[in-house]
Structure formats: C-alpha cells, structure tokens
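**Student:** What follows is a predicted structure for the sequence shown.
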Amino acid sequence: MSSSKPVIAVTMGDPSGIGPEIILKALAEPAVYDVCVPVVIGSAAMLQFAAETLNRQASLHPVANTADTRAELGVIDVWDVPLDREQVQIGVEGVESGRVAVEAVRTAVELAIAGQVQAIATAPLNKAAMHLAGFNYAGHTEILADLTRTADYAMMLVTPTLRVIHVSTHVSLRKAIERVKAERIYTVIGIADRTLRPMGITNPRIAVAGLNPHAGEGGLFGQEEAEEIAPAVEQAQKAGYAASGPYPPDTIFYRASRGEFDIVIAMYHDQGHIPVKLAGFDTGVNVSVGMPFIRTSVDHGTAFDIAYKGIASEKSMVEAILLAARLVKGKD
C-alpha cells in the first residue's frame, strides 16, 4: 500500500441487510482506491455469499490485520470461528446479525485507537437486532462514545449542499426538548467549528436553529430561545466562533443550503434529519464528531426489504469512504 493513503476500516453493518451489498459495490469504485486503502471488518463468509447471490465478481482476501492490505478487498473476520451463512436470516432481525454488526464496530475502534487504521466508515446496523444480541445502544454514535469513553460528541450530517449537526439525536421528543440547554448548545457549536476546519473551512459560519415555531416569536411560542439558545450563541460569539441565531427552523436550512451558512445546529433528530434527507437521500453522510478518530457512515438504514436483491444504492457508502479520506487528509 502507499503510505500516502490512509487505511480506512469499513465495517460491514448488519449482514441481514444491505451492508454487504453496498460495500461490494462501493469497493468496486476506482475513486475509493485513489484516496485510501479500505479493509472490511465483518464476515468474509457473508461478503462471499452476497457476491455469489448478486452475481458480482469480488476478490475477497481474508487478512489478520491491516498490515496485509494488498488485495483488492481485504476482510478481517471479527470471530475466531467465522460467521456461517446458516446463522443469518436475510431481511430479518437476528441475534447473530446484531452481534457481528457490533463486534465489527468494536474491532474497528480497537484498530483506530492502535493507529492501524486512520478512519472508520460504517455500513448500517439494525437497532432491534443489536438489542436482541444484548447490546442496548441507541445507535453507532452511542457505541463509539461508550467504547472510547467520550463525553462531548455529536452527530453531523453532510450532503453536497447542506451540513447539519445535532444537539440531541436518539431520544424521545420530550427528552430532546429537555436537552436544549445552553451548555450543550455551546459545546456543539465548538465541535462544529473544530470539525469543519479540517474540511478546508477556515472560519465556519454556524447558524443555530430555534426549537419552537418562528424561533419562539419573541416568547409567544416558547421560552427556550431566550433562556437557553440565545445565551449559548452569545457565549460562542464572545469565544470567537462565527455563530449566529437562533433562527426560525422552517427557513434556516433553506438559507444554509443556498450557501449563507456552513452548518446548522439542529436542536433534535428530526429537525436536522428531514432537511438532510430531502437535500441528499442517496448521497448523505453521517459523521460522528468529537471522537478520538474519524468516523463516517451511510445516512440510511439496513433496508431489510431489499436485502440481497441487487438494487441497493451504494452512493452514500462511497461518499462516506471518500469523506473519511478527506477528513484524514485535512487533519495532517
């Protein structure tokens, strides 16, 4: 491998879903190899099964570690005894599938912390399957935070025209409202600034969305803007961040997509995810920020209904790998 190219761990995700398919398709793209050396973490048996089922050519090469990445598609199995096809029910939530998805992430984290990979790009896992396997996490970001003991982290979504970062994600709407606190908002503003600078944005313009309709309309529709959001923005401005707001949530994402801002701070999951899905459903990328390493992911789920049918789009997986490589380069 070329020392100028980062090694990126690509976790397989839930093998009952579209993860193996989109990885095979993504790692057939020459653009990926132009910028990095990918190594898949998961199950060589399931990747081989996917290749045969989808009638795709794939040169799979089981490797023991990332030092052996000469083959077109190096695969590190997460089990001493590799996952058997008979253990996996296609398109169905299962214990073994949930377990291998989480173990792939755990292995990738160990490699990243050891410096054997420079970034992680993840295919989707299924939360229900993960819970069946005994891993009671809300999603990838929470797994990574737990494994790395990271307290201040956030989820950022990236499309060609819009970037969004969240104050909270996988909690109920009631709990999300309770988490709209000045301290957390200020922390996320700082994370956003530090994340965008390696992407070549030297002074990120950070727009902070309101929580309530019309950003509270001067207190008519809620007090969170005056009591929590505006103080956080003022604190950020005093600290030197190019932050502004709170802005009405129904217009700020449009303004950002037109280039007025570099990123929007969303107050909760759906407030940020809905505009991102509209802006780039097939090309959106999820980035876990605040972690001790770079992690990107597809911005979609396991799509059990189309698993192993050959129709899943690999575009988000490709973009996730390419963005991981760009972020690594930006840190150097």
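**Tutor:** Cool, the structure landed.

**Student:** residue boundaries of the strands in the stretch 51-200 of the chain?
**Tutor:** 60-62, 73-77, 119-122, 154-158, 163-166 (DSSP state E, counting those that start in this stretch).

**Student:** Which elements pack onto the biggest helix by length in the chain?
**Tutor:** In terms of residue count, the longest helix belonging to the chain (DSSP state H) is helix 95-113. Contacts defined by 3 or more CB pairs under 8 Å, 6 or more residues apart in numbering; DSSP states H and E place helix 95-113 against strand 7-11, strand 37-42, strand 119-122, helix 127-132, helix 140-148. The way it works is simple: take the backbone N, C-alpha and C, and place the C-beta from them, glycine included.

**Student:** so who does the residue located most distally from the centre of the chain touch?
**Tutor:** Of all residues in the chain, L220 has its C-alpha farthest from the mean position, at 36.3 Å, by CA atoms, centre = their mean. If you count contacts by CB atoms under 8 Å, 6 or more residues apart in numbering, L220 has them with H214.

**Student:** Let me have the helices and strands packed on helix 95-113 in JSON lines, adding mean neighbour count as columns.
**Tutor:** As requested, the helices and strands packed on helix 95-113 are exported to JSON lines (neighbours: other CB atoms under 10 Å):
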{"stretch": "strand 7-11", "mean neighbour count": "28"}
{"stretch": "strand 37-42", "mean neighbour count": "26"}
{"stretch": "strand 119-122", "mean neighbour count": "28"}
{"stretch": "helix 127-132", "mean neighbour count": "19"}
{"stretch": "helix 140-148", "mean neighbour count": "20"}
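
**Student:** TSV please, covering those and showing mean pLDDT and distance to E224.
**Tutor:** Listed next are the helices and strands packed on helix 95-113 as TSV, based on pLDDT from 0 to 100; distance: least, CB to CB, whole Å:
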stretch	mean pLDDT	distance to E224
strand 7-11	95	37
strand 37-42	93	41
strand 119-122	97	33
helix 127-132	94	28
helix 140-148	92	24
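
**Student:** Distance to L323 added to the ones you listed, as TSV?
**Tutor:** Shown next, in TSV, are the helices and strands packed on helix 95-113 (distance: least, CB to CB, whole Å):
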stretch	distance to L323
strand 7-11	10
strand 37-42	13
strand 119-122	8
helix 127-132	23
helix 140-148	15
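
**Student:** Looking at these, spot the one closest to E93.
**Tutor:** Using CB to CB as the measure, helix 127-132 is the one of the helices and strands packed on helix 95-113 that comes nearest E93, at 4.3 Å.

**Student:** counting contacts, what elements does the closest one pack onto?
**Tutor:** Checked by 3+ CB pairs under 8 Å, 6+ apart, helix 127-132 has helix 95-113 packed alongside it.

**Student:** Report the angle between the helix it packs on and strand 7-11.
**Tutor:** Angle, helix 95-113 to strand 7-11, by axes from the mean of the first three to the mean of the last three CA atoms, to 10 degrees: 160 degrees.

**Student:** how about helix 95-113: buried residues?
**Tutor:** By neighbour count on 16 or more other CB atoms under 10 Å, the buried set for helix 95-113 is 96-109, 111-112.

**Student:** Can you pull out the low-pLDDT segments for this structure?
**Tutor:** Counting by pLDDT under 70, the chain shows low-confidence ranges at 1-3, 61-62, 64-72, 79-84, 332.

**Student:** per-domain residue ranges of it.
**Tutor:** 7-150+291-331, 154-274 (automatic domain parsing).

**Student:** okay, those in a markdown table with distance to D282 next?
**Tutor:** Converted to a markdown table, these look like this (distance: least, CB to CB, whole Å):
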| stretch | distance to D282 |
| --- | --- |
| domain 7-150+291-331 | 4 |
| domain 154-274 | 10 |
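
**Student:** how about these, which one is nearest F281?
**Tutor:** With respect to F281, and counting by CB to CB, the nearest of the domains of the chain is domain 7-150+291-331 at 7.5 Å.

**Student:** Distance from the closest one to the middle of the chain?
**Tutor:** 12 Å (CA atoms, centre = their mean, to the nearest Å).

**Student:** how long is that domain from one end to the other?
**Tutor:** Start-to-end span of domain 7-150+291-331 (CA to CA, to the nearest Å) is 14 Å.

**Student:** start at 587 instead
**Tutor:** Sure, I'll start numbering at 587, so the last one becomes domain 593-736+877-917.

**Student:** re earlier: which of the strands of the stretch 637-786 of the chain sits most buried?
**Tutor:** Most buried of those by mean neighbour count (mean count of other CB atoms under 10 Å) is strand 705-708; its value is a mean of 28.

**Student:** residues making contact with that one?
**Tutor:** Contacts of strand 705-708 (CB under 8 Å, 6+ apart): 592, 594-597, 599, 622, 624, 691, 694-695, 698, 726, 879-884, 903, 906-907, 910-911, 913-914.

**Student:** Report the strands that pair with it, each with its relative direction.
**Tutor:** Looking at strand 705-708 with DSSP bridges, its partner strands are strand 593-597 (parallel), strand 880-884 (parallel).

**Student:** Let's have these in CSV, adding distance to E615.
**Tutor:** Shown next, in CSV, are the strands paired with strand 705-708 (distance: least, CB to CB, whole Å):
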stretch, distance to E615
strand 593-597, 12
strand 880-884, 14
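
**Student:** Out of these, which is closest to R770?
**Tutor:** Across the strands paired with strand 705-708, closest to R770 is strand 880-884 (CB to CB), at 20.6 Å.
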